[in-house]
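# Just to be clear, the model below is a prediction. Sequence and coordinates:
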Amino acid sequence: MDCILGSGRRAKWFKNVGYCKYILRHFSSNYLLVILGVACGLLLRCAVCSAGGEWVRIEGVNDDALLAELRSATGLSRMNDTNTFTDAWLLQKAKKDADALLEVLRAAGLHEATVMADVQQDAAGRFVLFSVQAGAVFAFDRPELIFIRALAPSLSAVIQDTLSVKPGNPAHSADIIDSEKRMLSRLRDSGYPFPKITDRKVIIDRNERAVHVKYSVDPGDACRFGPITVEGLEHVSESVILAELPWKTGDEYTQILMETARRRILKTGLFSMVDIDTMPSTTQSAQASVHIRVVERKPRSVSLGLEYRTEEGPGLHTMWEHRNLRGIGHRLALQGDLSPVLQGFSAKYEIPRFKNPDQTLALTFKAVNDTPTAYDSHAVDTALWLERQYGEPLTVGAGLSVRYSRVKQQDSYDDFLLGSLPLQAVLDKRNNRLNPTAGFRTALRGEPYIDLTGSSNCFLKSDWSLTGMRSLAGSDDWVLAARLKLGIISGEDLAHIPADIRFYAGGGGSIRGFGYQRAGELDKDDDPTGGRSLAEWTIEMRKTITERIGMAAFVDGGRAFSGQYPDFSEPIFWGSGIGLRYYTPVGPIRFDVAAPINPRAHVDAAIQFYVSVGQAF
């Protein structure tokens, strides 16, 4: 990086290196030995401390997870200064800790375990030793379920299969409690909103080294959804909440529908808290009354976003939103964008639950002055968009758009008046929209354009993208992410396609390391010409270091092609780099540094910087 900042900075860097070499040559070897000795001592001290307190030792346990649980159960391990205590006091305290260790061992199915405590001393000093004789691991036999009210045999069998207590499994106490939760959840999902565990007996057979668990369960009455009451509304109409409920009065009760209702009400963006509870109906038998308690959010909000990219410069994004127009959840959003290459304003009016609870109608207006290196575009776009959600992950949309633009490329202006019919389908199975660590998202979009001035100019622009993430080593600390995008424009040659609609590659959301829109063919002035097709891909490794800090390393590839289909015999542009992530509640703040692997002489810069909010994909 210093090499591209100018000769003065580079000279200073070499000067600093010279100082370092001088110090290393003339520094006393005795001082170096002292520093090394102190460093080794600190490392040794840290290594000993990381073992969990060097003066509290536990022997006889080889399972690391169980050992960590045992250490956390000892009060002595949390004590720092023990020099003021006598051996007798420490031994008394250790014997009490031994009882706590026995509870942990028995909860792990080790019902024959014994723990002996002692205070000893070696060259490192005084320490407390817990000697564990674990014995054999007890296993569950078949659990016994007694239902106070009769259930259908098929439902009883399903409940039995859902239990964590299974014959032959180690007799962990946590599985006994988890089985109760699973039983109650399964009953609620099967139309019984008020089940209870009336009794639980755990019998330990030391001869057989087995644990028998006996549950007594009252499933309660099978119910249907009954009357609905709503509490906490101030400015939002009750009809907004009732429209989001996925059931009607009289439908069979299931807990799944209750959870779905809560998610859908929260998704409206009108409430900061939603709590849904049930109680037996006081007017109708076998009905569950539903009580919904909400806390409204403030209906208006203002947001501000900043970003920086080497070739595009700084960018400012502002948005004002009203989420509850007319008191029925209609939304109006006004957005402004300002950067050296883009100035724009947009307005969007959304009508949720349009003709269907899962359907949204949006009216949009957008005016943009877009002046990257490739072209100058002054455009106005109006659109009508209808979107339908199918379940949680699948969204399908269709629209109608009219667009006027005046585009300058290669010193000539062209005016376009185009109508289009965009179609889109998105399947999103990611576990988190802001910072996903697992799952995938795929989107397919097609948009046919037709010239509204009477010419025969028409073409179809379509693209498909796929992103996926997978946690490694059983932890979200390491995440492997990948991205693929393909696009084609058919129906017209490149000259008859507006420059601001063509495909471009390169930049922060594309191929990092290359300038914005510059990963493709260039004209005689080294300006991008755009393409009729596109292929891009990314592999990125993400590492979470602390709760707030993370890093990433990535390789991007691809380009825009002049032909209708990608031609991989043409040179592919490759970029790589590293990034820093600072995690916030609204997503990670991303700082990436990237360089082109195969730069073009006198065209591509040696390094690119990108700062924005959110993962790259």
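Perfect, I can see it now.
# per-domain residue ranges of this protein.
Taking automatic domain parsing as the criterion, the chain consists of the domains 52-133, 139-218, 224-296, 300-613.
# May I see those domains arranged in a markdown table, with mean pLDDT as well?
Listed next are the domains of the chain as a markdown table, based on pLDDT from 0 to 100:
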| stretch | mean pLDDT |
| --- | --- |
| domain 52-133 | 87 |
| domain 139-218 | 94 |
| domain 224-296 | 93 |
| domain 300-613 | 94 |
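# With mean neighbour count as added columns, please give those domains in CSV.
Where you see a C-beta, it was placed from the backbone N, CA and C, and this is true even at glycine. Below are the domains of the chain laid out as CSV (neighbours: other CB atoms under 10 Å):
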stretch, mean neighbour count
domain 52-133, 15
domain 139-218, 16
domain 224-296, 16
domain 300-613, 17
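# mind checking how far the residue most central in space within the chain is from Val426?
Among the residues of the chain, the one closest to the centroid is Pro436, at 2.6 Å (CA atoms, centre = their mean). From Pro436 across to Val426, the span is 14 Å (CB to CB, to the nearest Å).
# cool, and Met319?
22 Å.
# how about the strands in the stretch 51-200 of the chain?
For the stretch 51-200 of the chain, the strands defined by DSSP state E, counting those that start in this stretch occupy 56-59, 114-122, 125-133, 139-140, 144-147, 196-205.
# Given the longest one, what are its sheet partners and their directions?
In other words, strand 196-205. Paired neighbours of strand 196-205 in the sheet (DSSP bridges): strand 210-218 (antiparallel).
# and the strand it pairs with, how far from the chain's centre?
How far strand 210-218 lies from its chain's middle: 39 Å, per CA atoms, centre = their mean, to the nearest Å.
# same check, this time on stretch 426-443
Relative to its chain's centre, stretch 426-443 lies at 8 Å (CA atoms, centre = their mean).
# got the contact list for that stretch?
Applying CB atoms under 8 Å, 6 or more residues apart in numbering, the contact partners of stretch 426-443 are 393-396, 424-425, 464-471, 476, 479, 583, 586-588, 614-615.
# give me that answer again for 6 Å
With contact meaning CB atoms under 6 Å, 6 or more residues apart in numbering, stretch 426-443 is reached by 393-395, 465-469, 471, 476, 479, 587-588.
# likewise stretch 119-132?
Under CB under 6 Å, 6+ apart, the answer for stretch 119-132 is 55-61, 76, 87, 90-91, 94, 115-118.
# what's the farthest-apart pair in the residues you listed?
In terms of CB to CB, these reach their longest pairwise distance at Val61 and Asp87, which sit 24.2 Å apart.
# Same list (the contacts of stretch 426-443) but as a markdown table, adding secondary structure.
Listed next are the contacts of stretch 426-443 as a markdown table, based on DSSP: H, G, I helix; E, B strand; the rest coil:
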| residue | secondary structure |
| --- | --- |
| Pro393 | coil |
| Leu394 | strand |
| Thr395 | strand |
| Ser465 | strand |
| Leu466 | strand |
| Thr467 | strand |
| Gly468 | strand |
| Met469 | strand |
| Ser471 | strand |
| Asp476 | strand |
| Val479 | strand |
| Gly587 | coil |
| Pro588 | coil |
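# Of all pairs in those, which one spans the longest distance?
Greatest spatial distance among the contacts of stretch 426-443 (CB to CB): Leu394 and Pro588, at 26.5 Å.
# can you give me the helices in the chain?
Remark: helices assigned in the chain by DSSP state H are 7-26, 29-50, 64-73, 87-107, 153-162, 173-189, 238-244, 255-267.
# Compute the mean per-residue pLDDT across the second one, please.
The one in question is helix 29-50. Averaging pLDDT along helix 29-50 yields 37.
# Using a markdown table, lay out the strands of the stretch 51-200 of the chain together with distance to Leu70.
Converted to a markdown table, the strands of the stretch 51-200 of the chain look like this (distance: least, CB to CB, whole Å):
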| stretch | distance to Leu70 |
| --- | --- |
| strand 56-59 | 6 |
| strand 114-122 | 9 |
| strand 125-133 | 8 |
| strand 139-140 | 21 |
| strand 144-147 | 32 |
| strand 196-205 | 21 |
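# out of the ones you listed, which comes closest to Ala98?
Nearest of the strands of the stretch 51-200 of the chain to Ala98, taken as CB to CB: strand 114-122 at 4.3 Å.
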